[in-house]
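Undergrad: fold the stuff below for me.
(2 chains)
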2 protein chains.
Amino acid sequence: MDEFLKAALEEAKKGYAEGGIPIGSVLVHQGKIIGRGHNRRVQKGSVVLHGEMDALENAGRLPASVYKECTIYTTLSPCPMCSGTILLYGIPKVVIGENKTFMGEEALLQSRGVDVTVADDKECFELMQNFISEKPELWNEDIGV
Amino acid sequence: MDEFLKAALEEAKKGYAEGGIPIGSVLVHQGKIIGRGHNRRVQKGSVVLHGEMDALENAGRLPASVYKECTIYTTLSPCPMCSGTILLYGIPKVVIGENKTFMGEEALLQSRGVDVTVADDKECFELMQNFISEKPELWNEDIGV
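TA: Here you go, the predicted structure:
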């Protein structure tokens, strides 16, 4: 597995161990991780800190020029909120662990010129499947269902 | 002015008084404000807490059915992040103070069936214009420019 996707998966596993929703993300700039995060709905009672949002928040305030040289890695296809955030900051590249559990706004991202890669990773998928079978109501809450 | 847009404007003014970006928002359910917020980039060093996001965060974790009966009021046209969040939670109605300072993703929202109303409010506009003339770099940072 790609080292950065692996780092995102490690974040997802941390979230799972905390009793949270196991989706993780890292923001990478010039070959270096500058922000790591995972979904914090359970841990912080947050409705905005999806994995990608948490990674961006943890990266802190950055010049626009930095975002425009970044790649964001996420274990699961980004929802409308996270996709919108990628568009807001002009992050040009997204690497996704899997999109079989949930298909996010990949088409919207691509229509705006974002480079989207899906790894179709088995471990990312199985982690989500295990979680959803254990806590389906929490997963539904996270995607507004 | 509509009472809820006025409440959003009060939030924006609070943000301005704190030295922050003066954009405010309220989430309204069945005629009652259930979340209030304003942009917290300066106050919390946050890159995700735009006004709308802060209002949603302050409303806390809600059942999907509640979001689907809400209207979100915001003093400024919602950016891609905030628009994506409105789509994620299925908020059916958005009332916007003004969109002359910044045109957000109103067309995307409408294409997904969201009811978008623009009040074209002079006070919302002037607050942003004053702020931008004072701190243009902060405004640019907030919209990823």
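Undergrad: which residue ranges of chain A form strands?
TA: A:24-29, A:32-38, A:70-76, A:93-98, A:115-118 (DSSP state E).
Undergrad: buried set for the first one?
TA: Translated: strand A:24-29. A:G24, A:S25, A:V26, A:L27, A:V28, A:H29 (16 or more other C-beta atoms under 10 Å in any protein chain shown). No exception for glycine: its C-beta is placed from N, CA and C like everyone else's.
Undergrad: compile those into a markdown table and extend it with columns for distance to chain B and pLDDT.
TA: Below are the buried residues of strand A:24-29 laid out as a markdown table (distance: C-beta to the nearest C-beta, whole Å; pLDDT from 0 to 100):
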| residue | distance to chain B | pLDDT |
| --- | --- | --- |
| A:G24 | 16 | 98 |
| A:S25 | 13 | 98 |
| A:V26 | 15 | 98 |
| A:L27 | 11 | 98 |
| A:V28 | 16 | 98 |
| A:H29 | 14 | 98 |
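Undergrad: let's have those in a markdown table, adding distance to B:V114.
TA: Written out in a markdown table, the entries for the buried residues of strand A:24-29 read as follows (distance: C-beta to C-beta, whole Å):
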| residue | distance to B:V114 |
| --- | --- |
| A:G24 | 30 |
| A:S25 | 26 |
| A:V26 | 32 |
| A:L27 | 29 |
| A:V28 | 33 |
| A:H29 | 34 |
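Undergrad: show me the contacts for A:V47.
TA: A:R41, B:L56, B:E57, B:A59, B:G60, B:R61, B:L62, B:Y89 (C-beta atoms under 8 Å, 6 or more residues apart in numbering or on different chains).
Undergrad: let's see 10 Å
TA: With contact set as C-beta atoms under 10 Å, 6 or more residues apart in numbering or on different chains, A:V47 has these partners: A:40-41, A:81, A:141-142, A:144, B:35, B:53, B:56-62, B:67, B:85, B:88-89.
Undergrad: quick check: which ranges of chain A have low pLDDT?
TA: For chain A, no stretch has pLDDT under 70.
Undergrad: how about the residue nearest the centre of it: what's its closest non-neighbour residue?
TA: Centroid-nearest residue in chain A, with C-alpha atoms, centre = their mean: A:T74, separated by 3.3 Å. In space, and not counting its chain neighbours, A:T74 is closest to A:S25: 4.3 Å by C-beta to C-beta, 6 or more residues apart in numbering or on different chains.
Undergrad: now chain A against chain B: closest residue?
TA: Nearest residue of chain A to chain B (C-beta to the nearest C-beta) works out as A:G84 at 2.5 Å.
Undergrad: tilt between the longest helix along chain A and strand A:93-98?
TA: When chain A is parsed with DSSP state H, its longest helix is helix A:3-17. Comparing the axes of helix A:3-17 and strand A:93-98 via axes from the mean of the first three to the mean of the last three C-alpha atoms, to 10 degrees yields an angle of 50 degrees.
Undergrad: give the bridge partners for A:T74, please.
TA: Beta-bridge partners of A:T74, counted by DSSP bridges, are A:S25, A:I96.
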